[in-house]
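# Need the 3D shape of this:
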Amino acid sequence: MITVCIPVYNSDVCALVEALYEQSKKIKETIEIIVIDDGSIPAIKKLNAVFSTKVIHIENQQNKGRASIRNQFLEFAFQPFLLFIDGDSEVISPTFLSDYIQYINSNETKVLCGASVYQKNKPDRKHFLRWKYSIVRESKSIEERLKNPSLGFKTNNFLIRKTVFEKVKFNETLLGYGHEDTLFGFELAQSKITIHHLENPVLNKNLDDNATFLAKTNEGLKSLLQVLEIVNHNEQFTQNIKLVVAYQRIKKNPILNFSLSISVISLPLLTYCLKKGFFTLRMFDLYKLIQFGKLRK
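Below you'll find the predicted structure:
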């Protein structure tokens, strides 16, 4: 019934696979688990090899990227539904798989999101940026997600009917980090495919340190510019990207545009504060606006 798809890049997924495997043994419906390693370092490959007898385990010799590896699961999945879970996730519900099965057995579903959460306890300053941004801006309650089902679509922990995924795939021209999920969610909406939501989250257990998250943010901004070109700056797309909306408003206002231009001088101080974990999210918003403006020139 379900193929669980776990893309891996330099993550220890032994605990995740074991938890899913143990749950699958208690379910009468067919559950297959596929792990595809996307060019991880040898130490990680060796570590994850311990579960190779319990699941389908494929290793890519070279890194294909976040979009391409997800499409790759179509080559090996035989069940009518594909359930994608990122390798740095932790299953926190003992009925995680059965809850998905119960939903799709009771509803006509093409795409179903279970969402993700982050640790409740405040981490150290070194990891504070990723945690603060995620719990305030990314983690949405089921009520928030149901109000706008297509907004903020995330590839971690979502289920999709295989026939749908064969028609709407991830765009493999996106090789860098970020926004492959934004584009995928938009293309699902353009294809009139409804995204359903379920309260069945996984835990994002690995927090990037501040410097790593900033580097990923910068790479994500480059990917966003690429996505904007792909969708030809479609207004339906841009109106749901708060950063783009804010940037467009600033560019139309001479005073705000001038203010953004001179705010570049504050970038070193912003970067320092963000890396040290002393910041407000408004500071992070300004950081992204400045970086986005520099890339647009």
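# can you give me the strands for the stretch 51-200 of the chain?
Here the stretch 51-200 of the chain has its strands, by DSSP state E, counting those that start in this stretch, at 56-60, 81-84, 89-91, 111-113, 116-117, 158-161, 195-197.
# Out of those strands, which gets nearest to residue 27?
Nearest of the strands of the stretch 51-200 of the chain to residue 27, taken as C-beta to C-beta: strand 81-84 at 12.5 Å. Backbone N, C-alpha and C define where each C-beta goes, glycine included.
# What strands flank the closest one, and is each parallel or antiparallel?
strand 2-8 (parallel), strand 158-161 (antiparallel) (DSSP bridges).
# Show me where the chain has its helices.
Ranges of helices in the chain, per DSSP state H, are 14-24, 42-48, 66-72, 96-106, 128-133, 142-147, 162-165, 180-190, 210-230, 235-238, 242-252, 254-262, 267-276, 281-296.
# can you list those helices in a markdown table and add mean pLDDT?
Output for the helices of the chain, formatted as a markdown table (pLDDT from 0 to 100):
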| stretch | mean pLDDT |
| --- | --- |
| helix 14-24 | 96 |
| helix 42-48 | 92 |
| helix 66-72 | 94 |
| helix 96-106 | 96 |
| helix 128-133 | 96 |
| helix 142-147 | 86 |
| helix 162-165 | 97 |
| helix 180-190 | 92 |
| helix 210-230 | 96 |
| helix 235-238 | 91 |
| helix 242-252 | 94 |
| helix 254-262 | 87 |
| helix 267-276 | 96 |
| helix 281-296 | 94 |
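# Which of those helices sits closest to residue 56?
helix 14-24 (11.0 Å).
# quick one: buried residues of the closest one?
Neighbour counts over helix 14-24 (16 or more other C-beta atoms under 10 Å) mark 16, 17, 19, 20, 23, 24 as buried.
# Out of those residues, the closest to residue 70 would be?
residue 16 (16.5 Å).
# Pull the contacting residues for the closest residue to residue 9 other than its chain neighbours.
Leaving out its chain neighbours, the residue that sits closest to residue 9 by C-beta to C-beta, 6 or more residues apart in numbering is residue 38, at 4.7 Å. Residue 38 sits next to 7, 8, 9, 60, 63, 64, 65, 69 when contact means C-beta atoms under 8 Å, 6 or more residues apart in numbering.
# Any buried residues in stretch 281-290, and which?
In stretch 281-290, counting by 16+ other C-beta under 10 Å, buried: 284, 286, 287, 288, 289, 290.
# hmm, back to that, filter the contacts of residue 38 to the buried ones?
Neighbour-count burial (16+ other C-beta under 10 Å) applied to these gives 7, 8, 9, 60, 64, 65, 69.
# who touches residue 228 in this structure?
237, 238, 244.
# low-scoring stretches of the stretch 51-200 of the chain, by residue?
Along the stretch 51-200 of the chain, segments meeting pLDDT under 70 span 151-152.
# Residue 281 and residue 136, how far apart?
Residue 281 is 6 Å from residue 136, where distance means C-beta to C-beta, to the nearest Å.
# hmm, who's touching stretch 248-256?
For stretch 248-256, using C-beta under 8 Å, 6+ apart, the contacting residues are 238, 257, 259, 260, 289.
# From those, keep the buried residues only.
Using 16+ other C-beta under 10 Å, the buried ones in the contacts of stretch 248-256 are 238, 260, 289.
# could I get those as CSV with distance to residue 205?
CSV is the format used below for those (distance: C-beta to C-beta, whole Å):
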residue, distance to residue 205
238, 33
260, 37
289, 30
